[in-house]
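Asks: kindly return the folded structure for what I paste below:
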Amino acid sequence: MSETPPSIESPVEPNRTGKARQLLGMKGADAGETSIWKIRLQLMKPITWIPLIWGVVCGAASGGRYTWTLENVLVSAACMLMSGPLLAGYTQTVNEFYDRDVDAINEPYRPIPSGAISLPKVITQIWALLIAGIAVAYALDRWAGHEFPTLTVLAIGGSFVSYIYSAPPLKLKQNNGWLSSYALGASYIALPWWAGHALFGDLNTTIVTLTLFYSLAGLGIAIVNDFKSVEGDRQLGLKSLPVMFGVTNAAWICVLAIDIFQAGVAGYLISIQQNLYAVILILLIVPQITFQDMYFLRDPLKNDVKYQASAQPFLVLGMLVTALAIGHAGI
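Replies: Numbering: from 1, shown residues only. Predicted structure coming up:
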């Protein structure tokens, strides 16, 4: 009898899928990893680096002075390293450390509650990532010739916000669902955008204000992440928006935040006479609304990951469209 090739019903495929999800830090991962470096990577949740790396791309595009030279490519890559693997990795590791009790309920296979890594090793990783991220930021400031260390201040400030988001006594995610969700959204949209813009342009009030406004759309993305842990959050008294308002109401808050504030950005592009970019941005909102209805609003607990995979690409493409419009307008 011939051997059945791996298929979706075969036990080989779920195991491979689980391992991949585990390394990326996704929900529903398979447990049992023993390599300490793979475990450290899980703590850093590589899947979360993508929006920050993309934010740097958007910032470089909006800065208006980026040119395709080897030096600029390497500098951009260093900024992406700072924003993604180092400082986003620091943020996720801190969150895993302080969320270990919640994860023991919601995701007991995570590295800390499963006992795959000791707490002292986690603390060492937190400090190593933080110091490395700030060091890279300082080096980028030196390269850009900044009189004021813009990137270093952004790195330190963003790291502080990340810390108070997860850690007591402030622990924003426990005490204020609105503020914590917005802080997370701003960290994923505004901060890396500012970093990329500061490298290849002049970071000004207009850019800061616009990206903070755009981060209100990011608030919706942050709320999506709360649905996977709603049961543990409820048991431990964490005031996420799904806990505060209920799953259905929080789902509507999420999708309205994503759509309304993107439409507001499109209106701003029209006001600065970037009409073509505004139309493209509006067209990108349409499939988002479709996927919101197909998946998220019907069952946010079941379809949160499916919704993010289908709709979030249109959000990040819209960010780039906005950045190119700003760069074209010379703002």
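Asks: give the next helix or strand downstream of the helix or strand of the chain with the lowest mean pLDDT.
Replies: Using mean pLDDT, DSSP states H and E, helix 12-24 stands out as the lowest-scoring helix or strand of the chain, at a mean of 54. Scanning forward in sequence from helix 12-24 by DSSP states H and E, the next helix or strand is helix 36-44.
Asks: ok now the following helix or strand past that following helix, how far from the chain's centre?
Replies: Per DSSP H and E, helix 36-44 leads on to helix 49-63 as the next helix or strand towards the C-terminus. Centre-to-centre, helix 49-63 and its host chain are 12 Å apart (C-alpha atoms, centre = their mean, to the nearest Å).
Asks: report the buried residues of helix 49-63.
Replies: By neighbour count on 16 or more other C-beta atoms under 10 Å, the buried set for helix 49-63 is 49, 51-63. Placement of C-beta: from N, CA and C, glycine included.
Asks: and what of stretch 72-86?
Replies: Neighbour counts over stretch 72-86 (16+ other C-beta under 10 Å) mark 75-76, 78-86 as buried.
Asks: how about stretch 278-297?
Replies: With burial defined by 16+ other C-beta under 10 Å, the residues of stretch 278-297 counted as buried are 278, 280-282, 284-285, 288, 291-292, 295-297.
Asks: same check on stretch 107-115?
Replies: For stretch 107-115, a neighbour-count test (16+ other C-beta under 10 Å) marks 107, 109-114 as buried.
Asks: Serialize the residues you listed to a markdown table and add fields for pLDDT, distance to E96 and secondary structure.
Replies: A markdown table is the format used below for the buried residues of stretch 107-115 (pLDDT from 0 to 100; distance: C-beta to C-beta, whole Å; DSSP: H, G, I helix; E, B strand; the rest coil):
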| residue | pLDDT | distance to E96 | secondary structure |
| --- | --- | --- | --- |
| E107 | 81 | 10 | coil |
| Y109 | 84 | 12 | coil |
| R110 | 86 | 7 | coil |
| P111 | 90 | 7 | coil |
| I112 | 93 | 6 | coil |
| P113 | 91 | 9 | coil |
| S114 | 88 | 11 | coil |
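Asks: tell me which of the residues you listed is nearest to R100?
Replies: Nearest to R100 among the buried residues of stretch 107-115 is I112, at 4.5 Å by C-beta to C-beta.
Asks: now do the contacts for the closest one.
Replies: 43, 96-97, 100, 103, 119, 122 (C-beta atoms under 8 Å, 6 or more residues apart in numbering).
Asks: how close does it get to K173?
Replies: Per C-beta to C-beta, to the nearest Å, I112 is found 17 Å from K173.
Asks: do T290 as well
Replies: 30 Å.
Asks: which regions of the protein sit below the pLDDT cut-off?
Replies: Along the chain, the model assigns pLDDT under 70 to residues 1-33, 175-176.
Asks: list the buried ones in the longest helix seen in the chain?
Replies: Longest helix in the chain, counting residues (DSSP state H): helix 300-329. Neighbour-count burial for helix 300-329, counted by 16+ other C-beta under 10 Å, picks out 300, 303-305, 307-308, 310-312, 314-316, 318-327.
Asks: ok, which stretches of the chain are strands?
Replies: Applying DSSP state E to the chain gives no strands.
Asks: ramachandran angles for the closest residue to N72 other than its chain neighbours?
Replies: Leaving aside its sequence neighbours, N72 sits nearest to Y66 (C-beta to C-beta, 6 or more residues apart in numbering; 6.0 Å). Phi and psi for Y66, reported as degrees, to the nearest 10, are phi -80, psi 130.
Asks: what's the burial count for Y66?
Replies: Residues near Y66, counting by other C-beta atoms under 10 Å, number 21.
Asks: then the one 5 residues further on?
Replies: Other residues lying near E71 total 9 when counted by other C-beta under 10 Å.
Asks: gap between it and A77?
Replies: Distance from E71 to A77, counting by C-beta to C-beta: 11 Å.
Asks: over to G63?
Replies: Counting by C-beta to C-beta, the separation of G63 from A77 is 16 Å.
Asks: these two touch, right, I326 and L210?
Replies: Yes - counting by C-beta atoms under 8 Å, I326 does reach L210; the two are 7.4 Å apart.
Asks: between these two, which contacts overlap?
Replies: With contacts taken as C-beta under 8 Å, 6+ apart, I326 and L210 have no neighbour in common.
Asks: now for the nearest residue to P51 once chain neighbours are set aside: which residues touch it?
Replies: Of all residues not flanking P51 in the chain, Y188 sits nearest, at 4.6 Å (C-beta to C-beta, 6+ apart). Contacts here follow C-beta under 8 Å, 6+ apart; on that basis Y188 touches 51-52, 55, 215, 218, 221-222.
Asks: nearest to V255, of the residues you listed?
Replies: Out of those, the member with the shortest distance to V255 (by C-beta to C-beta) is I221, at 10.5 Å.
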